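Using only what follows, build the 3D model:
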Amino acid sequence: MHPASPPPDRSGLDALLRNRPFLALWTGQLLAQVADKIFYVLLIILLKTGDYRPWPVSWQHSENSMLSAVMIAYTLPAIVFGSAAGIVVDRFSKKQMLIGCNVIRAVLIIALPFLPKAFAVLLAMTFLISTVTQFFAPAEQAAIPLAVGREGLMSANALFASSTMGGIIVGMTIGEPLFSWVKHSFGAASQEFLLGGLYLISAGLIYAMRIKETHAGSSGKNVHPWQDLKEGLRYLKHNHLVSNAMVQLTILYSVFAALQVLAIALSGKIGLKETQFGFLLAAAGVGMVFGAAFLGHWGGRFHHKPLPLIGFLMMGFVLAMFSFTRQLWVGFGLSALFGFGASLINGPMQALIQEKTPESMRGKVFGLENNAINIALSLPLAITGPLTDAVSKAVRSDDLGLRIVLLSLGFLVSVMGMAAWRHTRKVLQDVL
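Below is the predicted model:
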């Protein structure tokens, strides 16, 4: 057998779970993902109970303004530094970058109790921690091909996508009860120490990852960020295979963002409390897990099928059916089907980008991808809620307004999916 050929069983999900470098990377990023969402919860707790002095003084009784300012500080780095982070990732060891990001975040969070209780300090620390986080994402994506073989990329990305959704749900669910228990048992500062400890454990897990890296551009000298950014954009412009896959991923995450908003109202229609919308999103995460298993075991048999197109049509169908759903079990089933459809897009497209992008360009490409996704996420999050309110007001019925928005969104997703596949099938079909 040619030494460059991977063993036949590297494509299966079982093989991935026996791959120690992959397991170290996967569990490390999963713990970091949970910590990221718990940090989000901690910010809200600190604003409510941390006695942070407002700045400016006119915000003395404006908790909503303070919360909005913190959320801006939390999300702005994703838009501002997403591409720059990818440039830096290409010049250094992916493993060292992942470990460094976790250690820096741990140090910053553990330092919080010892800093002045001023709102400006909390704002600055939030911005710094979120900025460091932007370097973790492209390094993680660029490390996946180094930990698994070419045949394992689709399964690995499907598993990463499902665990990312699971990390978000778990973090948001356990954050407040966990902090309440720790604070009651060990004191106020224990909240920050607990969160910092999670990042340090994640760093330790990734440290155990054994991968072989080449660092053609690892030198920190002669750094030209603007030229590097233009190089990444030129690469996407001329490599239609990668850029078209990125477009489909951007559409996918935009649809997910819209569902996050609509899930709040939808939960109340199927028998849940609106505050329990996380259960509906959790069902989508379960569907993504099944999608990961499907791609891991049988994805090779369907490589000639238009999986992304099937995924978009499946998601459009689910959104339309949501408008007529009133039973809890049907809602959960549809949400799981939605997640399954999403995995048919995310797994193949992410694997395609990783496989076809040279190692020296992966940081730039994944930095640009994360930047595009974060910008695309902002639009649905900003307009879905007001749009639903406006339609409901126009038809004088909240139920009918939600139904119209869901039907319209389902139709739009199906059309966008068909248009994207029609535009890209010539360059994608032969390699999927």
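
In the stretch 1-150 of the chain, mark out all the helices, start to finish.
For the stretch 1-150 of the chain, applying DSSP state H, counting those that start in this stretch gives helices covering 13-17, 20-49, 63-80, 82-89, 94-111, 119-147.

could these go into a markdown table alongside mean neighbour count, distance to Thr357 and mean pLDDT?
C-beta coordinates here come from the backbone N, C-alpha and C atoms, glycine included. Shown next, in a markdown table, are these (neighbours: other Cβ atoms under 10 Å; distance: least, Cβ to Cβ, whole Å; pLDDT from 0 to 100):
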| stretch | mean neighbour count | distance to Thr357 | mean pLDDT |
| --- | --- | --- | --- |
| helix 13-17 | 17 | 21 | 73 |
| helix 20-49 | 20 | 18 | 86 |
| helix 63-80 | 16 | 21 | 73 |
| helix 82-89 | 24 | 11 | 74 |
| helix 94-111 | 21 | 13 | 94 |
| helix 119-147 | 22 | 9 | 88 |
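
Could you dump those helices into JSON lines with distance to Leu295 added?
What follows is the helices of the stretch 1-150 of the chain, written out as JSON lines (distance: least, Cβ to Cβ, whole Å):
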{"stretch": "helix 13-17", "distance to Leu295": "8"}
{"stretch": "helix 20-49", "distance to Leu295": "15"}
{"stretch": "helix 63-80", "distance to Leu295": "27"}
{"stretch": "helix 82-89", "distance to Leu295": "26"}
{"stretch": "helix 94-111", "distance to Leu295": "24"}
{"stretch": "helix 119-147", "distance to Leu295": "14"}
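
Could you pull out the buried residues of the helix or strand harbouring Asp399?
Per DSSP states H and E: Asp399 is located in helix 398-428. Buried residues in helix 398-428, counted by 16 or more other Cβ atoms under 10 Å: 398, 401-407, 409-410, 413-414, 416-417, 420-421, 424, 427-428.

where's it relative to the chain centroid, distance-wise?
Relative to its chain's centre, helix 398-428 lies at 21 Å (Cα atoms, centre = their mean, to the nearest Å).

quick revisit: out of the helices of the stretch 1-150 of the chain, flag the one nearest Gln260.
helix 20-49 (13.1 Å; Cβ to Cβ).

could you check the angle helix 119-147 makes with that closest one?
170 degrees (axes from the mean of the first three to the mean of the last three Cα atoms, to 10 degrees).

What helices and strands are in contact with helix 20-49?
Packed against helix 20-49 by the contact rule (3 or more Cβ pairs under 8 Å, 6 or more residues apart in numbering; DSSP states H and E) you find helix 63-80, helix 94-111, helix 119-147, helix 153-186, helix 190-207.

Cross-check the contact I'm expecting between Gly28 and Leu198.
No: taking contacts as Cβ atoms under 8 Å, Gly28 lies outside contact range of Leu198: 10.8 Å.

Please pull out the lowest mean pLDDT helix or strand from the protein.
helix 225-238 (a mean of 70; mean pLDDT, DSSP states H and E).

from the middle of its chain, how far away would the next helix or strand after that one be?
Moving toward the C-terminus from helix 225-238, the next helix or strand (DSSP H and E) is helix 240-269. Once both centres are worked out by Cα atoms, centre = their mean, helix 240-269 turns out to sit 11 Å from its chain's centre.

now the angle between helix 398-428 and helix 240-269, please.
Using the same axes, to 10 degrees, helix 240-269 lies at 160 degrees relative to helix 398-428.

Tell me the buried residues in helix 240-269?
241-269.

picking that back up, now do the shared contacts for Gly28 and Leu198.
Overlap of the contact sets of Gly28 and Leu198 (by Cβ atoms under 8 Å, 6 or more residues apart in numbering) is empty.

Quick one, which of the helices of the stretch 1-150 of the chain gets closest to Gly287.
Across the helices of the stretch 1-150 of the chain, closest to Gly287 is helix 13-17 (Cβ to Cβ), at 15.6 Å.

what about dumping the CA coordinates of the closest one to PDB?
This file holds the C-alpha atoms of helix 13-17, laid out as PDB (Å, rounded to 0.1, in the frame of the first residue of the first chain):
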ATOM      1  CA  LEU A  13     -17.300   7.500  13.000                       C
ATOM      2  CA  ASP A  14     -16.000   4.600  15.100                       C
ATOM      3  CA  ALA A  15     -12.600   5.100  13.600                       C
ATOM      4  CA  LEU A  16     -12.700   8.800  14.600                       C
ATOM      5  CA  LEU A  17     -13.600   7.900  18.200                       C
END
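
so what does it touch, helix or strand wise?
Packing partners of helix 13-17 (3+ Cβ pairs under 8 Å, 6+ apart): helix 153-186, helix 277-298.

For the residue most central in space within the chain, give me its contacts.
The C-alpha lying nearest the average C-alpha coordinate of the chain belongs to Thr164 (Cα atoms, centre = their mean; 6.1 Å). Taking Cβ under 8 Å, 6+ apart as the criterion, Thr164 is in contact with 30, 33.
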